[in-house]
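Asks: Pasting a predicted model and its sequence here:
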Amino acid sequence: MPGPTATATAAPPEALALAERYRAGGGDPDVYGIQVEGGPEGVPRVVIRTRNADQGDAIFRRQNTSVTTHLMTKEGASFEKGYLIDVFGPDGLLIHRMDARP
């Protein structure tokens, strides 16, 4: 599944709005887009767009936990089957991918 091509590539309005709600709740200020899409076998795919090119493991773990917690507690998302997560950086390149299925 392709991701954004650059920060200048506008995230869909729903992704911008979701990221705004996430940031308003104390989320990572670098996150400017969040999408939850259908994935394989009914497993949701979470797409995060960030302005922070530094996605070391500690940053990714913190961001992953923060975004998925927000999605479950504030947006009603269910990750019963796990989830897939892709993080795209400011240049539009994939900087992190994780399969969190049980």
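Replies: Everything's here; your move.

Asks: CA atoms for contacts and neighbours, from now on please.
Replies: Fine.

Asks: Check the gap between residue 67 and residue 96 for me.
Replies: Remark: distance between residue 67 and residue 96 (CA to CA, to the nearest Å) = 14 Å.

Asks: which of those two has more neighbours?
Replies: residue 67 (19 against 15; other CA atoms under 10 Å).

Asks: List the buried residues in the strand or helix carrying the more buried one.
Replies: Taking DSSP states H and E as the criterion, the element that holds residue 67 is helix 57-74. Neighbour-count burial for helix 57-74 flags 60, 63, 64, 67, 68, 70, 71 (criterion: 16 or more other CA atoms under 10 Å).

Asks: Beta-bridge partners for the most centrally placed residue in the chain, please?
Replies: Geometric centre of the chain, nearest residue: residue 48, 2.5 Å, by CA atoms, centre = their mean. Here residue 48 sits in beta bridges with residue 34, residue 87, as judged by DSSP bridges.

Asks: which ones are touching it?
Replies: For residue 48, the contact set (CA atoms under 8 Å, 6 or more residues apart in numbering) comprises 31, 32, 33, 34, 35, 85, 86, 87, 88.

Asks: swap in residue 55?
Replies: Neighbouring residues of residue 55 by CA under 8 Å, 6+ apart: 95, 96.

Asks: Check it and give its pLDDT.
Replies: Residue 55 is assigned a pLDDT of 73 by the prediction.

Asks: Secondary structure of it: a helix, I assume?
Replies: No: checked against DSSP: H, G, I helix; E, B strand; the rest coil, residue 55 lies outside a helix; its state is coil.

Asks: With pLDDT added, can I get the buried residues of helix 57-74 in JSON lines?
Replies: Converted to JSON lines, the buried residues of helix 57-74 look like this (pLDDT from 0 to 100):
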{"residue": "60", "pLDDT": "91"}
{"residue": "63", "pLDDT": "93"}
{"residue": "64", "pLDDT": "94"}
{"residue": "67", "pLDDT": "98"}
{"residue": "68", "pLDDT": "97"}
{"residue": "70", "pLDDT": "98"}
{"residue": "71", "pLDDT": "98"}
